[in-house]
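> whatever this is, show me its structure:
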Amino acid sequence: MKSLLLVFGALAAIYVGICVQYYWDTFTVNDYALSSPLPRSGPYVINHHLTKAEKLCESLVTGPESFEIVDDKIYTGLMNGTIAEIVDGKVTKMLPLNEECSKSRNQFAAMSCSRPGGIRRLNKEELIVADVYLGIVIVNMEAMTSKVVFSVGTLVNGVAVRFPDDLDVLNEDTIIFSDATTKWASDDFPNEMWELYPSGRLIQLNLKTKETKVLAKDLGFSNGVQIFPDKKSVLVAESTAARITRVYIAGDKAGTSKVFMDNLPAYPDNIRMSYDGKSFWVGLFTTRFAGEKSIYEQILEYPVLRKSILSIVPKIPKFIIYIMSIPSGAITINVGFNGEVIKTLQDPQGTVIREISQTTETKDYLYFANFHRSYFHRLRKADLP
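Numbers count the residues shown, from 1 in each chain. Reported below is the predicted structural model:
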């Protein structure tokens, strides 16, 4: 037994040495520079509103990360590379964006095929999707067709698009989408969570001419995108920076930007307009409050430890470490046009809901998306105080 332990120790030391030798300089680890988390007071005082939510489509969908709801139909992109149509809690259609992807049963393998993220309605007949592997895809669920109109790898200002994450429609010819990181492809997404290296962009794309314009750069994992109703500015969530930035695209302030919300109580994901069009809903991934420091945030304070994880741990265990080290609580916030918090919905212990990637409001319900679970949630608005 002792000799086996010695052999194992020697092999482990060799493995670590090789990883450090070949991969250490691959990673650029930034200092953890977030402000101290906010206390659970004011608009963030604890509530349990999310615990009233019901689970839908259990085991029928995996990773419904974003919703577009048209009449009584819910459209969402799944981890297996398909767009699902859901009616009355049942999956009525499934459209693979890449046939090779839909054949794979390994959800966490580097399939390099398709993973639809943000989804919007482009026009009466078509949806438009940001796919982290394929690029920008136009989808027609009636005809059951899809077409890549802008590919991952396309150069924008000399830098390849690596990670289309979310998008919004400025008009039928023009969209604005987030390129979450220009350093890592989707397979290596956990690297961004440990590096904290701001390389994300916000890009405007003309769907007809394919002309592009970088609206903002050096963003901390640029994620959710939401255009203001007057179409003069757009919000972009910076997940690893725990903030939302407002970028002006028209009017006297065009070409400028400012912080819309900072030091959020979690890491922001998708942003969507409220049902009445007078505020926004922000999906927040995990929570971060004063006195509740997670294992993830403790690790972030030690750059050498983070670089060791990046250099030594394989990609799938790296993702598992990330998921296991974040808090289990859930929160989503309703925000006014000036960045003021109107209300929050919470599940502090994550007993019903965890990791909200998007909150979508309809006349009677709030729907909560997530990026890797095999279901989603719905909350009846009448059940809220």
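> show me where the stretch 201-350 of the chain has strands.
Using DSSP state E, counting those that start in this stretch, the strands found in the stretch 201-350 of the chain span residues 212-219, 222-227, 233-238, 243-248, 257-261, 267-273, 280-285, 330-335, 341-347.
> please identify the pairing partners of the fourth one and their relative orientation?
For strand 243-248, the paired strands and their directions (DSSP bridges) are strand 233-238 (antiparallel), strand 257-261 (antiparallel).
> which one of the strands of the stretch 201-350 of the chain lies nearest to L170?
Across the strands of the stretch 201-350 of the chain, L170 has its closest neighbour in strand 222-227 (6.1 Å, C-beta to C-beta). Glycine gets a C-beta too; all of them are placed from N, C-alpha and C.
> distance of the residue most central in space within the chain from K253?
The centroid of the chain falls nearest to D269 when counting by C-alpha atoms, centre = their mean (4.5 Å). Taking C-beta to C-beta, to the nearest Å as the measure, D269 falls 26 Å from K253.
> swap in I326?
Using C-beta to C-beta, I326 is found at 36 Å from K253.
> got it, and Y267?
Distance from Y267 to K253, counting by C-beta to C-beta: 27 Å.
> do I295 as well
41 Å.
> same thing with R243?
Counting by C-beta to C-beta, the gap between R243 and K253 amounts to 19 Å.
> picking that back up, ok, I326 and K253, which is more surrounded?
Shown here are I326 and K253; by other C-beta atoms under 10 Å, I326 has more neighbours (21 against 14).
> wait, isn't that one in contact with K293?
No. Here I326 does not reach K293: they are 11.4 Å apart, not a contact under C-beta atoms under 8 Å.
> circling back: and the residue nearest to the centre of the chain, what's its pLDDT?
According to the prediction, D269 has pLDDT 98.
> make residue 1 into 30 and carry on from there
Let's use 30 as the start, then, which means that last one is D298.
> that one: what's it in contact with?
252-253, 266, 268, 311-314, 385-387, 400 (C-beta atoms under 8 Å, 6 or more residues apart in numbering).
> so how far is S251 from it?
For D298, the distance to S251 - C-beta to C-beta - is 11 Å.
> and of the strands paired with strand 272-277, who's closest to I75?
Distance to I75, taken as C-beta to C-beta, is lowest for strand 286-290 among those, at 20.1 Å.
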